[in-house]
Each structure stands twice: as C-alpha cells, then as structure tokens.
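# Okay, predicted coordinates and the sequence, questions at the end:
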Protein chains: 2
Amino acid sequence: MVGRKLVEALVARGEVSGKPVERLTLADIVEPAAPAGFAGKVSTVATDLSDDGVAAGLVAERPDLIFHLAAIVSGEAEADFEKGYRINLDGTRELLEAIRLEGKRAPYKPKLVFTSSIAVYGEPLPAIIGDTHHHTPLTSYGTQKAIGELLLADYSRRGFLDGIGIRLPTIVIRPGRPNKAASGFFSNILREPLSGIEAILPVDDSVRHWFASPRAAVGFLLHAAELDTSALGSKRSLTMPGLSATVGEEIEALRRFAGENAVKLIRRQPDEAIIKMVGGWPQNFDASRAISLGFKAETSFDEIVRAHVEDELGGVLPA
Amino acid sequence: MVGRKLVEALVARGEVSGKPVERLTLADIVEPAAPAGFAGKVSTVATDLSDDGVAAGLVAERPDLIFHLAAIVSGEAEADFEKGYRINLDGTRELLEAIRLEGKRAPYKPKLVFTSSIAVYGEPLPAIIGDTHHHTPLTSYGTQKAIGELLLADYSRRGFLDGIGIRLPTIVIRPGRPNKAASGFFSNILREPLSGIEAILPVDDSVRHWFASPRAAVGFLLHAAELDTSALGSKRSLTMPGLSATVGEEIEALRRFAGENAVKLIRRQPDEAIIKMVGGWPQNFDASRAISLGFKAETSFDEIVRAHVEDELGGVLPA
C-alpha cells in the first residue's frame, strides 16, 4: 500500500534530489501495477527477493536509489516462522549482498532506504521511547527488522551502500477493507464509519499509540531518499515522527468530520486477546532526531482524517 | 583457548546442574584435542558449522547443553567480510535452525550458551555502559554478535531452545604467544615479562579498559550453563562482570608479582593506529544484572595475574 503510493508520488514529482526519475523497477511478490502517466521506462516484476539470483538480477540494472519496504507483516511472520525469516531476513540480506557484489564488478554505491519498524522495541518500555532505546523485540518480525538495521549500518560503514533505515509509526488510516492485523481497528474505526459502515472497537478509549498517515509515510521515504546521510553518523536508522494519541482522540476527530451518526457506527466489543497485546505496545516516542533532520508527520488526528478524505475519498465524505 | 579450558573444567567437575557429563562432542575448524582423564564418550570433529548439514549432524546427537563460542575474531572478521559473516552469522544461524528442526522431529529444547561480546557497543559510549545500552557496533564482528543476540532471544521466545548470551570482557592474560590482535598488548605486557621476555606497550598508561581472566570466562560459561533462565525474561543476553582498570594498574600488579626488573621489560613504543582504535573502546560497564544472577569476576589485577601464574605457570614464576 505504501509502496504503491510511493510510486505515484515519484511519478508525480518526476525527480529525486534534482535528478529526473527516468526508470522505475517495481518488484513485489505479486506483479505490481505500472503507474499511470509515467513517461520513463518502467518494469514490473513478480518475484521473491529471497530466491537465488533474484536480488542480483534486480541490482544488475544499477539503480541509483532503492526502496526496500516491509515484506511479511508482523502477524504472518509470527504465524509462519520460516516464511518470515526467509522474506524479511534472507530477502534483505540477499539485496545487501547483491549490491556489495555488484560494487565489486565496478564501483557502485546506491542509496538504500530501508523501512524498519517500532516493533524493534519491546518491554519494558518507558512512557516516551528515545531514539537510542535498546532493541528487545517481542516478535519475530521485530527481530528481523532489528537485524536489518544492524546489517544496513554495517554495509553502510563498509562503504558498500549508502543506507538509511526509518522506523515507521503505525499507519492510519489504511485504505481498503478491514484486515486481520491486531492493529487494524485503529484504522477501521475511522475508515468504516467515514463511509457509513459499522466498525468494531476491541479496546478501551484510553488506549494510546503512535500514528502517522500513509501520506506522511510516503513523505518519510522521499525525505530519506534525499537526505544527506553524513548527518546520521554510525546510527543509520531512526524513529520517524508521529502522533501519540488515544482511541478517544481518534473518535473525537471522527465526530468533528462526520458527526454523531458516524461515531454511533463504532461498536464496542472488547477482545481480551487484543487488549493484552495492545497493552504491550509503545505509546509515545521522542523523535527529535528525525524532526531535526526534517522529517514531518501529522500533529493531530484531524490532519490524519483529512489526509484520508483527500487522498482516498476524493475530498468529500459519502452522503 | 577458552573452549579448551572449558572442556578441562567440565571434565574436572564431571557434572553440570547435578547431571553427570557422559558425553562430549568437540567441534572446531581444526580438530580439537580430546581432554585427558575423561571417562565418558568423546568425539572430536574438524568441521565448519556454516557448511550445509554440519550443524544438523552435530545436533542429531541431541546434546542437553551446547556451548557456542566465538569463531572468527574481530580483526579477521573486519579483514575478511565474507568469512566473518559466513562463520559468525551463518554458522550461528545454522546451529539455531538445526536445533529448531531437530525439535520438530521429536521434542527437544537444549540449553544454548552463546558467547557474545562487548563489541556490540559502539560510540558514543557513556563512561559506564549499562546492560540495556543500545547496540551500535562499529565492527562487522560486533554486528554479527549483536545479530546473534537477537536470534538467540527470538529462538528462545519461540521455545525452540533455552538460550543465554554472555558478553565477555577482554580476556587477560591470554596464554600462548603474542598475536596480532589490537588488544593483544593488554596480555603481552604481563605475560611476557612474567616469563622474562620483553613486551611492547603501544598506548599510554592511562588507557582504561574492561577485563576478566580466562579462568573467570570459564566460570561465566559454566554458571550460564547452570542458570535458570526464567530470571532473564526477554533479555537473554547480559554483560558479564569484569574489572575496569588502566594499563598503569596492570603494570603495578606486575611490579608486585615480579619486581622492577619485570616492569623494565615493557618497552614503550606508541602506535598511533592502536591508540586511535583503543580510544573508541569501552572503559567500564555496569554489570549489576549479571552480578545479581551470580556471575563472578576478578576485582583486581593482582587476582588476574595470580590466576595466570597458577593456571599457566604451575604456580611459580620462572627464575
């Protein structure tokens, strides 16, 4: 989802760091759609980065800029241990190795933007988590992301590539239909009522978490692509800014946009399993390092809802 | 070196956690010597853990306790990128995977003691480094150890094994001949003069670092093997206790043991490359977590020198 929006943004702006976007190679496990309105060359590939030779084939085109986005999400990486490690760890390592080996043939040092996650942090968590808080992931997904950060730093230090890792907040409002992710309700309770559909809220209004919109996520990726990484020193990964807010604040924003009838579409149905899981999630971060480097996120749920209405609903609420 | 001493200690005590040591399998890249005086079954194997099927073959014997010690050291892992990753990362992962897959055949959950390193920590370092300081390794070796810690925690959390990682201090006095390691002088300036041989000191007397004896290192490994890991929670790796001391304190201990003539065998020959490297090394740690769990190290250089004299020189200084 973020990948598709990133491609649209790259096509719309037409340049990165003042260099024209002449060629796009889009690789995913299912063949991605080619973007509309792109004058340059585009290849779309359905492939598995962890398969032998795949990364080498993609890197052989010597792209100047590579975005490596999340692959197997948290729930699936937890349910399927082997698949999670194969895609999230081996896939990442294959990509890094392909870049290193390509650079042995002839000098090559692309910019690599790696999406990490706040899942690298685990209990016990302080109320506000600093950029240098230690990594004790509580999931295999978080472990795989933390390892990706370590590899990215070492490959960058050795001069094989110019890497930056960005730890994304939980993205709301996710477009599309409700999914099975435990965090899905954060999006569902806004997206569904905004379209006149009922949504289930499995936790209390007081639950606090860390958010940014899909629009902000695309902004992070583009800013990371253009950032001079010499400012990062040896710490190549950083926590992106976000909004620390409660479910209650989400609901108040919904009320302001769509009124009491929309709020009434939220059905409270406590789910002990989700309540327990969410209880261990981070609530707030100190992202001052990223902010000082120019990364920007929303500062209220009104902004997050507005981004959804503008980007997904054509700027108007359904009647 | 620590591996050989560990085997001797296992044979001498004959039990771990009250269970007799009935069988030893010693695997290394060169065939290890079988220990003297062991009544049980012993196998010695010259092998490479990162080769296909090797870890599975070793694990097929279903040992109750596995010690996974350091493989490619820091300097070599930095000089040979591929070899370091192959042995230190792939080798570790092959071992973890072999254990997981063996457990799929029939229930199996061995204790695994993994030796990590203070090289997981990098600049900027506080004067005293806490157990939860974040990992920003400045070498490929430190990166590989930090990844090993993450994998150990995840495999333990998933119930595939019962892991504990111990971050060893710099080990002094290393027996044997001077080697090329940048940290070698910490041992050389004691070991060589204690045997009447000249040694080179490339840094200033004020240099402070973090030490434990080979005897203490063996003690850490055995204590880790017997420790109930339920006390570790999700943080499966911990910094071992050690002695924070200066080169000057080393020299004073040498003077007390072997007199002024021994001290005169230390030749001061500043080496800018080593001075710069050592300047970035950690100086002191807060190991209270490990201490509270019963791990013990020396508290003075006199103890460290005495351990060497007793364990390596038969308790007497050469005339």
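That came in fine, so what should we check first? Residues are numbered from 1 along each chain as shown, chains lettered A, B, ... in the order given.
# for chain A, what spans make up the strands?
With DSSP state E as the criterion, chain A has strands at A:15-16, A:19-20, A:23-28, A:41-46, A:65-68, A:111-117, A:162-168, A:170-171, A:199-201, A:208-212, A:237-239, A:243-246, A:266-268.
# could I get those as JSON lines with distance to A:Asn188, mean neighbour count and mean pLDDT?
C-beta coordinates here come from the backbone N, C-alpha and C atoms, glycine included. Converted to JSON lines, the strands of chain A look like this (distance: least, Cβ to Cβ, whole Å; neighbours: other Cβ atoms under 10 Å in any protein chain shown; pLDDT from 0 to 100):
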{"stretch": "strand A:15-16", "distance to A:Asn188": "34", "mean neighbour count": "13", "mean pLDDT": "96"}
{"stretch": "strand A:19-20", "distance to A:Asn188": "40", "mean neighbour count": "10", "mean pLDDT": "96"}
{"stretch": "strand A:23-28", "distance to A:Asn188": "25", "mean neighbour count": "17", "mean pLDDT": "95"}
{"stretch": "strand A:41-46", "distance to A:Asn188": "29", "mean neighbour count": "13", "mean pLDDT": "94"}
{"stretch": "strand A:65-68", "distance to A:Asn188": "27", "mean neighbour count": "19", "mean pLDDT": "98"}
{"stretch": "strand A:111-117", "distance to A:Asn188": "20", "mean neighbour count": "24", "mean pLDDT": "97"}
{"stretch": "strand A:162-168", "distance to A:Asn188": "19", "mean neighbour count": "24", "mean pLDDT": "97"}
{"stretch": "strand A:170-171", "distance to A:Asn188": "13", "mean neighbour count": "20", "mean pLDDT": "94"}
{"stretch": "strand A:199-201", "distance to A:Asn188": "4", "mean neighbour count": "20", "mean pLDDT": "96"}
{"stretch": "strand A:208-212", "distance to A:Asn188": "14", "mean neighbour count": "22", "mean pLDDT": "96"}
{"stretch": "strand A:237-239", "distance to A:Asn188": "25", "mean neighbour count": "25", "mean pLDDT": "97"}
{"stretch": "strand A:243-246", "distance to A:Asn188": "16", "mean neighbour count": "20", "mean pLDDT": "98"}
{"stretch": "strand A:266-268", "distance to A:Asn188": "9", "mean neighbour count": "15", "mean pLDDT": "97"}
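# Can you give me the neighbour number for the closest residue to A:Lys83 other than its chain neighbours?
For A:Lys83, ignoring the flanking residues on the chain, the nearest one in space by Cβ to Cβ, 6 or more residues apart in numbering or on different chains is A:Ile72 at 5.9 Å. By other Cβ atoms under 10 Å in any protein chain shown, the residues close to A:Ile72 number 22.
# what about the strands of chain A, which gets the closest to B:Ala146?
strand A:237-239 (12.9 Å; Cβ to Cβ).
# next one: the closest one to chain centre, how far?
The chain centre lies 12 Å from the centre of strand A:237-239; the measure is Cα atoms, centre = their mean, to the nearest Å.
# Contacts for that strand, please.
Strand A:237-239 has contacts (Cβ atoms under 8 Å, 6 or more residues apart in numbering or on different chains) with A:114, A:116, A:118, A:129, A:131, A:149, A:152-153, A:164-167, A:232, A:285-287, A:289-290, A:293.
# Contacts for stretch A:43-62 next, please.
With Cβ under 8 Å, 6+ apart, stretch A:43-62 has contacts from A:23-34, A:66, A:71, A:86-87, A:90-92, A:94-95, A:97-99, A:101-102, A:108, A:110.
# returning to what we had before: just checking, the residue nearest to A:Lys83 touches A:Phe81?
No: if you go by Cβ atoms under 8 Å, A:Ile72 and A:Phe81 don't touch, sitting 10.5 Å apart.
# those helices in chain A, which residues are they?
Taking DSSP state H as the test, the helices found in chain A are A:2-13, A:54-59, A:74-79, A:81-84, A:91-105, A:140-157, A:184-194, A:214-226, A:247-263, A:272-279, A:288-292, A:301-312.
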